[in-house]
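Visitor: have a look; sequence and predicted model below, questions after that.
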Amino acid sequence: MRQHVASIRILGTGGTIASRGQGPGGAVASDSTESLAAALSDAHQVTSRDLLTVGSYSLDLHDLRIIAEEVAAELAEPGVDGVVITHGTDTMEETAFLLDLVHNSRKPVVLTGAQHLADSDSPDGPRNLTEAVIAAADKHLQGAGVLISFAGSIRSARGARKAHTTAASPFAGGVEVAHLAGDDVVVTAAPSRLQPLPLPTAAFDDVHVEIVTAYPGATPELLRHAAATGASAVVLAGTGIGNAGAGFAAAVADLTAAGVPVILSSRTPWGPVIPTYGNGGGKDLVRAGAVIARDLNPFQSRILAALLLAADPDPITFPHRFAVHS
């Protein structure tokens, strides 16, 4: 019997994997996805196209919505077995999480990129892209949702974050679902999957969700300013297990009363938010109306809040809807 050759679609968005040095002006994303895919082996049937060619630090919510729509369209094609997205590492965790929230298919979606420019002495993009295609084609990763593949490690989008600016394997967190042993995918875990949310509509583009960070001596003025300048919600990146200093609880109460949800996350890289302390700490913030982000970091909390508020801006139902998907 003839072995099935997986059909993988590669969607390019730019990032370091597509960037080359431009002298004093700095590196710029310029390579097409077609040129990146040209070096792949013929072990899989691969087609590619560019959605964007930019550094991921330039992306906005409109761009993320377009990526989500295009991924969904590719997954709906009967002949497609999986999708790979080339993406800058700066904000890969946000795009990957949005895609995971709306992922409504058993077909794998795998994001990858590079830490070294395409014209560097040792570019890592080609190997990362090869591994991402292998992962997207692997039948054992069906149903695993949206994944990030980098330097031989394949992890869940939920909970992942860029943890090092220059390391070859810059991502940590989430669940390591699998790793590469040569060209073989070794599956080690299965991430739990939540009921997918609907794709974002055009309203998602303009949802204004700010992030405010707590630190010694911080005042709640930025929290109030965010609401005064039209924020639909604010993520408070608290200290430790979810705390903030003097005045923050009162500000949270005022924003909540005005219909602006406040999501309490943590600036600490790992671990859940557990409201424990009074005197302005997490207990007081929650009593004032803050919504707990649980394990979601501030940046993924912002994406979930924006998606939920674009679909239904009602602040009364928001806490329940956020809790279900956080």
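Guide: Structure received. Keep in mind it's a predicted model, so treat the numbers as computed, not measured.
Visitor: which stretches in this protein count as helices?
Guide: 33-37, 61-75, 92-101, 125-137, 221-228, 248-257, 282-287, 298-311, 318-325 (DSSP state H).
Visitor: and the ones you listed as TSV, adding mean pLDDT, distance to Thr112 and mean neighbour count?
Guide: Every residue, glycine included, has its C-beta placed from N, CA and C. Converted to TSV, those look like this (pLDDT from 0 to 100; distance: least, CB to CB, whole Å; neighbours: other CB atoms under 10 Å):
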stretch	mean pLDDT	distance to Thr112	mean neighbour count
helix 33-37	92	10	18
helix 61-75	98	14	19
helix 92-101	98	9	26
helix 125-137	97	4	23
helix 221-228	97	34	17
helix 248-257	98	38	20
helix 282-287	98	36	20
helix 298-311	98	19	24
helix 318-325	98	25	16
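Visitor: compile the ones you listed into TSV and extend it with columns for distance to Gly14.
Guide: Converted to TSV, these look like this (distance: least, CB to CB, whole Å):
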stretch	distance to Gly14
helix 33-37	9
helix 61-75	10
helix 92-101	12
helix 125-137	12
helix 221-228	29
helix 248-257	36
helix 282-287	38
helix 298-311	19
helix 318-325	28
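Visitor: out of those, which comes closest to Ile154?
Guide: With CB to CB as the measure, helix 125-137 is the member of the helices of the chain nearest Ile154 (5.3 Å).
Visitor: now do the strands in the stretch 151-300 of the chain.
Guide: Along the stretch 151-300 of the chain, the segments classed as strands by DSSP state E, counting those that start in this stretch run 153-156, 160-162, 171-173, 176-181, 184-187, 209-213, 233-238, 262-266, 291-292.
Visitor: which of the helices of the chain sits closest to Gly82?
Guide: helix 125-137 (3.2 Å).
Visitor: kindly export that closest one (C-alpha atoms) in PDB.
Guide: Coordinates of each C-alpha in helix 125-137 appear next as PDB, following Å, rounded to 0.1, in the frame of the first residue of the first chain:
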ATOM      1  CA  GLY A 125      15.600  29.100  10.400                       C
ATOM      2  CA  PRO A 126      16.000  26.200   7.900                       C
ATOM      3  CA  ARG A 127      16.300  23.500  10.500                       C
ATOM      4  CA  ASN A 128      13.400  25.000  12.600                       C
ATOM      5  CA  LEU A 129      11.200  25.100   9.500                       C
ATOM      6  CA  THR A 130      12.100  21.500   8.700                       C
ATOM      7  CA  GLU A 131      11.200  20.400  12.200                       C
ATOM      8  CA  ALA A 132       7.900  22.400  12.200                       C
ATOM      9  CA  VAL A 133       6.800  20.700   8.900                       C
ATOM     10  CA  ILE A 134       7.700  17.300  10.400                       C
ATOM     11  CA  ALA A 135       5.600  18.100  13.500                       C
ATOM     12  CA  ALA A 136       2.600  19.400  11.400                       C
ATOM     13  CA  ALA A 137       2.700  16.200   9.400                       C
END
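Visitor: Arg224 versus the closest residue to Glu93 other than its chain neighbours, what's the distance?
Guide: Of all residues not flanking Glu93 in the chain, Arg161 sits nearest, at 4.8 Å (CB to CB, 6 or more residues apart in numbering). Distance from Arg161 to Arg224, counting by CB to CB, to the nearest Å: 28 Å.
Visitor: cool, Val260 as well?
Guide: For Val260 relative to Arg224 (CB to CB), the value is 10 Å.
Visitor: any regions of this protein where pLDDT drops low?
Guide: Applying pLDDT under 70 to the chain picks out residues 1-2.
Visitor: please go through it and pick out the longest strand.
Guide: Secondary structure of the chain per DSSP state E: the longest strand is strand 45-54.
Visitor: neighbouring strands of that one in the sheet, and parallel or not?
Guide: Looking at strand 45-54 with DSSP bridges, its partner strands are strand 7-14 (parallel).
Visitor: tell me the angle of the partner strand relative to helix 125-137?
Guide: Relative orientation of strand 7-14 versus helix 125-137 (axes from the mean of the first three to the mean of the last three CA atoms, to 10 degrees): 140 degrees.
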